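> Take a look and give me a structure for this.
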Amino acid sequence: MMNDETGTAVRTADALTGNGTRRYGKGWGGKVPKPLLGVLLAVALVFSCFAAPTASSAASPTTLTAEMDSSGIDTLNPFLAYYNGALNTFGMIYPSLTTLDSKGTAVPYLARSWKVSSDKLTWTFTIANNLTWSDGQPLTAKDAAWTINLIMTNQTAASANGSLVQNFKSVSAPNDTTLVIVTKKPQANMLYVSIPVSGIPIVPEHIWSKHVSDLKTYKNNTYPVVGYGPWKLTGYVADQYETFTANTSWSNGSQKAPKFDKLVLRVFKNSDAAVAALKSGQLGMMSVSATQYHALKSTASIGTYRSPGNGWKALEINAGAKTTAGQKIGTGNPILADSTVRKAISMAIDKQKLVSTVERGEAVVGAGYLPPSWPQWSWTPSASVKTSFSIKAANALLDSEGYTKGSDGIRVDPKTHKSLSFRLGIHSDDSEDASISALLKGWLNEIGIKVTIQSMSMSMLNSNLVQGDWDMLMDAWTTGPDPSYLLSIQTSSTLPTSASDSGMTDSFFSDSTYDKLYSEQETTLNATKRQALVKQMQEILYKANQDIILYYGNDLGAYRSDQVTNVPVGAKGSSGLYPSQNVYSLYLAATPVSSDSSAARTRDIWIGVAAVIIVAAVVGAVVIVRRRKSSDDHE
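Residues are numbered from 1 along each chain as shown. Predicted structure coming up:
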């Protein structure tokens with residue numbers, strides 16, 4: 001996943017934003033099918049909101065539109081979700097114990113202050129007083145204790161963030177303004193466990209305690225969703241849009257309520273459609289690819305910015321999917337269990353060419369698992385460890401291990417006598433994946449490896465991943481100033497417990513030395529020693545070649561300068577890069593250029609949204625009609 005650099009890590013399909021054919025048979029006989037009629041009536045209500053303004057509506061609300069992260073929303077249940085679109089939502093509507101300043105340092109949010117005992121095991125947080133959830137119920141330390149305890153004691157609740165509390169011994173709230181967390185060992189990242197977007201969101205106990213029994217299926221889709229954050233979630237239509245209203249009573253120190261009254265996050269099937277909406281004024285903000293960035297730089301009424309990326313793009317290799325008990329699962333090609341084959345694949349990838357062609361220079365060649373935007377964790381391989389690009393050397397390596405080429409130029413495994421033919425899964429809505437995969441296919445063909453590119457949706461790709469039904473995949477993650485979560489998804493503890501369990505593993509990597517180092521770094525308070533441990537872990541991952549880090553791309557954004565000001569956040573540096581951006585801060589800082597034309601903009605925005613509904617309804621109705629027609633054909 002990328003672009004929510006608010007502390008730990010998030011999976012993404014690209015940066016700040018997101019991302020058939022119709023065939024009509026016989027007519028409807030003058031009648032509107034019921035499924036479509038209901039939706040059209042709803043659309044009529046949307047349009048009715050934009051009747052001629054009256055005196056009472058003179059001060060029309062301002063609306064910011066942005067593109068939803070292309071990963072979309074897997075669920076609005078914060079105990080289960082890990083798609084970027086969902087995590088962004090939670091950061092905007094739920095509170096956390098701490099938040100981050102512009103330098104990535106943890107600062108107060110719900111917790112106004114904290115102290116740790118002399119043995120470094122007991123943390124006492126003072127929680128803000130006199131806060132209320134959006135339904136008027138008190139927000140206290142007891143909500144925080146209940147949320148964290150549920151994750152500690154309920155396997156389903158631990159799905160998304162269980163790794164963050166593995167070292168917790170107990171969590172209690174002796175009163176409404178005091179939260180006490182006792183750990184088993186000292187914990188280095190305590191202040192980053194609960195932060196907006198990528199940490200644990202605190203939820204209202206009075207709402208969620210009713211859903212512990214159905215937590216695995218609870219959708220959290222009663223609007224407005226009860227929360228406490230800068231925004232209130234007022235609606236969500238899958239694969240179409242998400243709507244918010246500003247929480248005018250929210251504040252956090254110097255941070256005040258959003259400047260826009262409303263926020264609409266729209267879904268686009270591809271980034272070119274989003275750019276078209278940006279150019280027409282229907283979209284106010286979005287992240288862009290390198291090609292789009294350079295094309296938009298000189299476009300009137302559009303501002304652009306660059307910031308260092310806090311994530312990477314990688315090629316993931318399935319070296320053998322298995323459960324925690326060692327049971328093999330999935331349909332991965334067993335030839336990839338050979339480290340020689342994986343190293344040859346790594347040697348055959350020209351990372352510099354990917355940077356110059358796919359990213360047009362807006363990236364840095366990849367190596368270590370943690371991006372250089374957080375220099376304290378960045379690791380670079382030594383000359384003796386570094387894998388350099390060389391088709392010749394990759395061929396020689398495979399030759400030396402007995403992988404001979406057949407008459408078709410494709411190598412054969414000397415043990416099984418099967419061809420080195422692998423599937424490569426890519427995101428269907430990611431133009432970068434398409435460009436990278438085409439180059440990878442050509443390079444690997446030069447060393448006698450056949451690649452079949454499989455383009456699929458984000459949900460399908462991730463479904464295949466957790467089931468082990470893949471050979472190679474395009475992968476992307478981001479991380480914040482604390483690397484614990486991103487490192488944790490490579491530990492053995494995140495492997496699925498059974499073939500039917502999804503687990504939280506990223507690549508089915510499992511290494512006992514890595515696991516030991518992970519536990520050690522998590523409890524090492526000395527910064528220098530912890531950095532050394534983290535760098536040892538990255539060397540292990542680098543040598544394994546199960547996540548081949550291709551590059552660290554810059555985060556690139558565009559916005560309508562005639563609609564939005566005060567973005568991006570921070571000042572441009574001497575290198576031309578702004579500080580790292582994230583949607584939580586961007587949407588909070590974004591300010592309307594003028595309120596004079598807000599009514600017209602709001603009308604246009606909702607007309608665009610309504611158009612999406614109509615298209616979806618028409619397609620749905622046609623599908624229904626065609627399915628019925630098919631049934632009739634069989635009668």
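> For the rest of this, base every contact and every neighbour count on C-alpha atoms.
OK.
> Would you point out the helix or strand in this structure whose mean pLDDT is lowest?
helix 34-48 (a mean of 37; mean pLDDT, DSSP states H and E).
> quick one, what contacts the residue nearest to Asp506 when sequence neighbours are not counted?
Once flanking residues are discounted, Asp506 sits nearest to Ile489: 5.6 Å by CA to CA, 6 or more residues apart in numbering. In this structure, Ile489 makes contact with 504-506, judged by CA atoms under 8 Å, 6 or more residues apart in numbering.
> Could you identify the buried members of the residues you listed?
Neighbour counting by 16 or more other CA atoms under 10 Å classes 504-506 among those as buried.
> Okay, and which of these map to strands?
Applying DSSP state E to the buried ones among the contacts of Ile489, no entry is found in strands.
> ok, so of those, who is nearest Thr324?
Relative to Thr324, the closest of those is Thr505; by CA to CA it sits at 10.7 Å.
> And the chain, split by domain according to the record?
Per the record, the chain has its domains at 95-211, 231-309+557-601, 311-553, by automatic domain parsing.
> Any chance of CSV for those domains, columns mean pLDDT and distance to Asn220?
CSV is the format used below for these (pLDDT from 0 to 100; distance: least, CA to CA, whole Å):
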stretch, mean pLDDT, distance to Asn220
domain 95-211, 96, 9
domain 231-309+557-601, 92, 11
domain 311-553, 95, 19
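> Same list (the ones you listed) but as CSV, adding distance to Asn84.
Below are the domains of the chain laid out as CSV (distance: least, CA to CA, whole Å):
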stretch, distance to Asn84
domain 95-211, 8
domain 231-309+557-601, 11
domain 311-553, 10
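> Tell me how far the residue nearest to Asp506 lies from Leu495.
9 Å (CA to CA, to the nearest Å).
> list residues touching both of those two?
Common neighbours of Ile489 and Leu495 (CA under 8 Å, 6+ apart) are 504-505.
> tell me the secondary structure for Ser519?
helix (DSSP: H, G, I helix; E, B strand; the rest coil).
> on that earlier part again, over to the residue nearest to Asp506: give its phi and psi.
phi -70, psi 0 (degrees, to the nearest 10).
> With Leu110 instead?
Residue torsions, per degrees, to the nearest 10, at Leu110 are phi -60, psi -40.
> which residues does it contact?
Leu110 neighbours (CA under 8 Å, 6+ apart): 95-98, 127-128.
> which of those tops the neighbour count?
Leu97 (29 neighbours; other CA atoms under 10 Å).
> now that residue: how far from Thr178?
Distance from Leu97 to Thr178, by CA to CA: 12 Å.
> now Tyr83
32 Å.
> try Ala276
From Ala276 to Thr178 the distance is 50 Å (CA to CA).
> neighbour count winner among the two?
Thr178 (21 against 12).
> Go through the helix or strand containing Ala344 and flag the buried ones.
Ala344 is part of helix 339-347, with elements assigned from DSSP states H and E. Neighbour-count burial for helix 339-347 flags 340-347 (criterion: 16+ other CA under 10 Å).
> Considering those, which is situated nearest to Asn462?
Arg342 (21.5 Å).
> what helix or strand does the closest residue in space to Leu588 that isn't next to it in sequence sit in?
Nearest residue to Leu588, sequence neighbours excluded (CA to CA, 6+ apart): Pro258, at 4.9 Å. Applying DSSP H and E as the criterion places Pro258 outside every helix and strand.
> ok, now the one 5 residues further on?
Under the criterion DSSP H and E, the helix or strand holding Leu263 is strand 262-266.
> tell me which strands and helices the following helix or strand past that strand is in contact with?
With elements assigned by DSSP H and E, the helix or strand that comes after strand 262-266 is helix 271-280. Under the contact criterion of 3 or more CA pairs under 8 Å, 6 or more residues apart in numbering; DSSP states H and E, helix 271-280 touches strand 285-287.
> Can you list the buried residues in the helix or strand following the strand it packs on?
The helix or strand immediately downstream of strand 285-287 is helix 290-296, counting by DSSP H and E. Across helix 290-296, burial judged by 16+ other CA under 10 Å covers 290, 292-293, 296.
> On the C-terminal side of helix 290-296, identify the next helix or strand.
Following helix 290-296 in sequence, per DSSP H and E, is strand 302-307.
> Can you tell me what sits against that following strand?
279, 293, 296-297, 554-562, 568, 576-581.
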